[in-house]
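> pasting the sequence and the predicted model now:
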Amino acid sequence: MTKAYDPNNIFARILRGEIPNKTVLETAHSLAFHDISPQAPVHVLVIPKGAYVDFAEFAARAPAEELVDFHRACAQVCDMLGLTGPEGYRAITNAGSHGMQEVPHYHLHILGGRVLGRLVSPD
Ligand code: 5GP
C-alpha cells in the first residue's frame, strides 16, 4: 500500500513556488525541471501537479486528463531536449525503500546525452 502523501515534500514546495527550480516545461497538470544533482548531461524530472506519492498511485488514481497531460509532457521534454534521435534516453521512476525513492512525490527521471550503462548494477 502506498504511504500517505506528505504535503511538505520538496517537490510539493517547488509546485507552491517556495523553492526555485529550472523549469523546462509547464503544462496544465505537469511540471518538468532540471534535477539539482544531474547524473547525465540531460537529467530532467517530470512531476504531476497532483498529490501522488509514486507511479502506482498516480496510475491508479489520477484522472485520464492528468495521465495524458503527464505523458505528453514527458514526450515533449524528450523532443525539446533533443533526445528523440537514435541515441535515445532513459526514463525511470523509483518507489519506496527498495527503489530508493528520495522524494515522495511521483516523478519520472529523463536522462540522456551519454551512454547510461546498465539499468541495475549487479550487486
Ligand atoms: P528519487 O531518488 O526520489 O527518485 O529522486 C529524487 C531526485 O530529486 C534526485 O535526483 C535529486 O537530485 C532531486 N532533487 C532533490 N531535491 C531537489 C531540489 O530541491 N530541486 C531539484 N531540482 N531536484 C531535487
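Received it, and whenever you're ready, just let me know what you need. Predicted model, so just to flag it, every value in this text is computed and none were measured.

> and Cys78, that's in a helix?
Yes - Cys78 forms part of a helix when assessed by DSSP: H, G, I helix; E, B strand; the rest coil.

> now do the contacts for it.
Counting by CB atoms under 8 Å, 6 or more residues apart in numbering, Cys78 makes contact with Thr84, Tyr89, Ile110, Gly112. (Each C-beta comes from the backbone N, C-alpha and C, glycine too.)

> so the last one bridges to which residues?
In this structure, Gly112 has beta-bridge partners Val42, where bridges are defined by DSSP bridges.

> please name the residues that touch it.
Neighbouring residues of Gly112 by CB under 8 Å, 6+ apart: Ala40, Pro41, Val42, Cys78, Leu81, Leu83, Glu87, Gly88, Tyr89, Arg90.

> now distance to Ala64 and pLDDT too, for these, in TSV please.
Shown next, in TSV, are those (distance: CB to CB, whole Å; pLDDT from 0 to 100):
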residue	distance to Ala64	pLDDT
Ala40	31	98
Pro41	34	98
Val42	29	98
Cys78	22	98
Leu81	26	97
Leu83	26	98
Glu87	32	97
Gly88	28	98
Tyr89	25	98
Arg90	26	98
